[in-house]
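*Asks:* what's the 3D shape of this:
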Amino acid sequence: MRIIQIDDVPLGSPLGQALYNERGDVLAQTGVKLDESLLSAIKARGYTAVFVEDKQSAGIEVVDPLSFATRSKATKATRNTMVIGERVTQVLGPDLASTAATLPRSAEVHRTISQGVPADAIQESVREIVDEMLDAPTQLGLNSIKGQDSFAFAHAVEVASVAVRLGREVGLKPPDLRRLGRGALLHDVGQAFTGDTTDGKTGTPTPADIEQVKRHTRLGYDFLQNVPDFEPLANHVAYQHHEWHGGGGYPRGLKGTDWGDLNRNVSGEIMLIAQVTAIADVYDALCSDRPFRARLPRELAMSLMRRMAGAQLNGDLLQVFMHIVPVYPTGYPVRIVGGALDRWQGVVAKLGSPDINRPVVRVFQKPDGGEVEPFEVDLAKDSTARLMTAPPKRARVGAS
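*Replies:* Residues are numbered from 1 along each chain as shown. Got it, this is the predicted structure:
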């Protein structure tokens, strides 16, 4: 299996992983043949890439750490929670989205939230995410593929799963992982009030857009505080996930701390679970397509994250993250730079050992674009070669 740009998909290729709509329902099932009509429908929903099974990637395993049922259930529960936020906005009027810094307190607001939020479904989804991430492989793979109409909900599920995996690696126990998972799953719930003002825009967000979105942290926290079954410590993830380790974030300019008590909630400090969520949030945002920019090549995304260490992100946590997230996961398209196969292209077939970033690459495309029978090269045995993200072909052909 490999990931490929929609415009490059050979017609007739079987879909490698299911695609979901904004309600968490299946848009296209695993194994369905991708014809022109289906590809057009998928593209219309904002998908720019898909996983396919083809000759070039036969036998390459791309593991989704979350089951189909868990991902679908968590997507639906997150969407239904956001819908309650939108309902509160309707109750309070349009000025809330453009001006309110905090969520007004009223019996009607509390009743709408406490009775409407599917708390049981959220908690059950979090338990399943934690259970499955505890059984997941040591290294994380490719980010889930998201359509623009379902980005907010799919992003929430992805951030929760990545955060829980990182939390597991730093030694958090299951009860703390569930607290982390619930906080991460609903970290952006405040955007139900402010909106993600980048949606539908192809240009760089304006300063006004940015200032409007910034309010989602406090509004999300206020919203979650109205749900009786949600403990306050997890609610703080929504409040704190845009704070910076060095103190330059928002909304309160808190500072990060080194390793310590998970439940430490000291004035002026960012909670550990919020710092973990911040890393997962930045990672998935950089590696996902948005209306105003394409997803970044993974080598650039990981390089940017390293530069954030100490100032924006907790450097100790980030170091652990880099040990479990390869720059080039299995199924990812790469171009070889240097060595005997300079400018040849292929797909990562297997992570390297002991260095996960010196993988085995299945090569099938020459520098001139011509294809050859796939063969594999182990970069652990070739110190002269390095990798970069392979550029898309932008030319659809019949399936081989």
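*Asks:* I'd like to know how far residue 22 sits from residue 173.
*Replies:* When distance is defined by C-beta to C-beta, to the nearest Å, residue 22 is 34 Å away from residue 173. (C-beta placed from N, C-alpha, C; glycine too.)
*Asks:* The two: which is more packed in?
*Replies:* Relative neighbour count places residue 22 above the other of residue 22 and residue 173, with 20 against 10, counting by other C-beta atoms under 10 Å.
*Asks:* Am I right that that one is in contact with residue 146?
*Replies:* No - counting by C-beta atoms under 8 Å, residue 22 stays clear of residue 146, with 10.1 Å between them.
*Asks:* and residue 364, what is it in contact with?
*Replies:* Contacts for residue 364 (C-beta atoms under 8 Å, 6 or more residues apart in numbering) come out as 56, 345, 346, 347, 371, 372, 373, 374, 375.
*Asks:* backbone phi and psi for the nearest residue to it once chain neighbours are set aside, please?
*Replies:* Spatially, and ignoring its direct neighbours in sequence, residue 364 is nearest to residue 374 (4.3 Å; C-beta to C-beta, 6 or more residues apart in numbering). When read as degrees, to the nearest 10, the backbone of residue 374 gives phi -60, psi 140.
*Asks:* and stretch 30-43, what's its mean pLDDT?
*Replies:* When pLDDT is averaged over stretch 30-43, the result is 93.
*Asks:* Endpoint to endpoint, that stretch covers what distance?
*Replies:* End-to-end distance of stretch 30-43 (C-alpha to C-alpha, to the nearest Å): 17 Å.
*Asks:* what's that stretch in contact with?
*Replies:* With contact meaning C-beta under 8 Å, 6+ apart, stretch 30-43 is reached by 6, 9, 11-19, 27-28, 50, 52-53, 147.
*Asks:* follow-up on the earlier one: of the contacts of residue 364, keep whichever come out buried.
*Replies:* Taking 16 or more other C-beta atoms under 10 Å as the criterion, what is buried in the contacts of residue 364 is 56, 345, 346, 347, 374.
*Asks:* who's the third one bridged to?
*Replies:* Meaning residue 346. On the basis of DSSP bridges, residue 346 is bridged to residue 334, residue 363.
*Asks:* What's the separation between it and residue 369?
*Replies:* Separation of residue 346 from residue 369 (C-beta to C-beta): 13 Å.
*Asks:* ditto for the first one
*Replies:* From residue 56 over to residue 369 the distance is 14 Å, taken as C-beta to C-beta.
*Asks:* hmm, back to that, surely the residue nearest to residue 364 touches residue 361?
*Replies:* No - using C-beta under 8 Å, residue 374 is not in contact with residue 361; the gap is 10.1 Å.
*Asks:* avg pLDDT for whichever strand or helix holds residue 275?
*Replies:* Applying DSSP states H and E as the criterion places residue 275 in helix 272-286. Average pLDDT, helix 272-286: 96.
*Asks:* Quick check: which helices or strands does it pack against?
*Replies:* The contact analysis (3 or more C-beta pairs under 8 Å, 6 or more residues apart in numbering; DSSP states H and E) places helix 272-286 against helix 151-169, helix 174-185, helix 232-240, helix 298-307, helix 315-324.
*Asks:* Which one, of the ones you listed, ends up nearest to residue 206?
*Replies:* helix 151-169 (19.5 Å; C-beta to C-beta).
*Asks:* Quick one: list the elements packing against that closest one.
*Replies:* Contact here means 3+ C-beta pairs under 8 Å, 6+ apart; on that basis helix 151-169 packs against helix 68-92, helix 119-134, helix 174-185, helix 272-286, helix 315-324.
*Asks:* Redo those helices as CSV? Include mean neighbour count and distance to residue 220.
*Replies:* Output for the helices and strands packed on helix 151-169, formatted as CSV (neighbours: other C-beta atoms under 10 Å; distance: least, C-beta to C-beta, whole Å):
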stretch, mean neighbour count, distance to residue 220
helix 68-92, 19, 8
helix 119-134, 19, 14
helix 174-185, 24, 10
helix 272-286, 25, 12
helix 315-324, 17, 22
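*Asks:* can I get those in a markdown table with distance to residue 307?
*Replies:* Output for these, formatted as a markdown table (distance: least, C-beta to C-beta, whole Å):
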| stretch | distance to residue 307 |
| --- | --- |
| helix 68-92 | 30 |
| helix 119-134 | 27 |
| helix 174-185 | 23 |
| helix 272-286 | 11 |
| helix 315-324 | 10 |
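*Asks:* right, so of those helices, which gets closest to residue 252?
*Replies:* Ranking the helices and strands packed on helix 151-169 by proximity to residue 252 (C-beta to C-beta) places helix 272-286 first, at 11.6 Å.
*Asks:* Off-centre distance for that closest one?
*Replies:* 9 Å (C-alpha atoms, centre = their mean, to the nearest Å).
*Asks:* next one: stretch 96-112
*Replies:* With C-alpha atoms, centre = their mean as the basis, stretch 96-112 stands 29 Å off its chain's centre.
*Asks:* Give me the below-cutoff pLDDT ranges for the protein.
*Replies:* Along the chain, the parts satisfying pLDDT under 70 run over 97, 149, 196-203, 258-265, 291-292, 394-400.
*Asks:* In the record's domain split, what are the boundaries for it?
*Replies:* Domains of the chain are assigned by automatic domain parsing as 2-57, 68-324, 333-389.
*Asks:* Next, count neighbours for residue 162.
*Replies:* Residues lying near residue 162 (other C-beta under 10 Å) number 25.
*Asks:* these two touch, right, it and residue 284?
*Replies:* Yes - using C-beta under 8 Å, residue 162 is in contact with residue 284, at 6.5 Å.
*Asks:* correct me, but residue 322 touches residue 308?
*Replies:* No - the pair residue 322 / residue 308 is not scored as a contact, 11.9 Å apart, by C-beta under 8 Å.
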